[in-house]
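In: Sequence isn't available, so here's the structure alone:
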């Protein structure tokens, strides 16, 4: 019998569909001549950059970039899906929009910002911050595990580095924390 938060199959389908979409978009990028991903990334402070905010997390520069984003997306996404499919979709959407808006406002100019790392940072931020708002032991244990497993990598990735959008990481993280606060504001 299915419950309000969805069956295991529904949760797996939500995570799988999102992940497969990134891989399908990359396959299309490989088949379309030219630099499709770079032509559609978020370009800070441009009108084209605003339009790219919802699609940028699905675009990746190369197979290595996509693979590096897939593994943490699957792990952190699965941990959020312990709650529900709606929770997962909400966190992904808020992280993508807040991260994208932050990139658009503060990102390096004349650069094309692409990839799911902002959403990954959002998932991380949500999982760590959620325990502050929902007051559940299970959330606290997940937060500790996520912080121990990914904390150092996340902190290192916030340091500006050539070719890496630290603004996506920072504002995606902010989006995840905001999503946690928004979801549990009445408790």
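Out: Everything's here; your move. Small disclaimer: the values here were computed from a predicted structure and weren't measured.

In: ok, so what distance separates the residue nearest to the spatial centre of the chain from residue 148?
Out: Nearest to the geometric centre of the chain sits residue 119, at 0.9 Å (Cα atoms, centre = their mean). Distance of residue 119 to residue 148, given as Cβ to Cβ, to the nearest Å: 21 Å. C-beta: built from backbone N, CA, C; applies to glycine.

In: Scan the chain for its longest helix.
Out: helix 8-31 (DSSP state H).

In: I'd like the mean pLDDT over it, please.
Out: In this model, helix 8-31 carries a mean pLDDT of 94.

In: For it, give me every contacting residue.
Out: Residues outside helix 8-31 that contact it (Cβ atoms under 8 Å, 6 or more residues apart in numbering): 2, 6, 36-37, 57-60, 63, 66, 69-70, 73-74, 77-78, 81, 84-85, 88-89, 92, 116.

In: Show me these that map onto helices.
Out: 36-37, 63, 66, 69-70, 73-74, 77-78, 81, 85, 88-89, 92.

In: Can I have the buried ones of these as a PyMOL selection?
Out: Of the ones in helices among the contacts of helix 8-31, the buried ones go into a single PyMOL selection, burial set by 16 or more other Cβ atoms under 10 Å:
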select buried, resi 37+66+69+70+73+77+81+85+88+92
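
In: continuing past the lowest-mean-pLDDT helix or strand in the chain, what's the next helix or strand?
Out: Least confident helix or strand, the chain: helix 36-39 with a mean of 62, by mean pLDDT, DSSP states H and E. Remark: after helix 36-39, the chain's next helix or strand is helix 47-52, criterion DSSP states H and E.

In: Can you list the helices and strands that that following helix packs against?
Out: If you count contacts as 3 or more Cβ pairs under 8 Å, 6 or more residues apart in numbering; DSSP states H and E, helix 47-52 packs onto helix 85-106.

In: Helix 63-81 and the helix it packs on, what's the angle between them?
Out: Put simply, helix 85-106 runs at 130 degrees to helix 63-81, going by axes from the mean of the first three to the mean of the last three Cα atoms, to 10 degrees.

In: what distance separates helix 85-106 from the middle of the whole chain?
Out: 7 Å (Cα atoms, centre = their mean, to the nearest Å).

In: Likewise for stretch 108-118?
Out: Put simply, stretch 108-118 sits 13 Å off its chain's centre (Cα atoms, centre = their mean).

In: The chain should start at 2 in everything you say after this.
Out: All set: I'll call the first residue 2, so the last point we hit is now stretch 109-119.

In: Now it: average pLDDT?
Out: Stretch 109-119 comes out at a mean pLDDT of 91.
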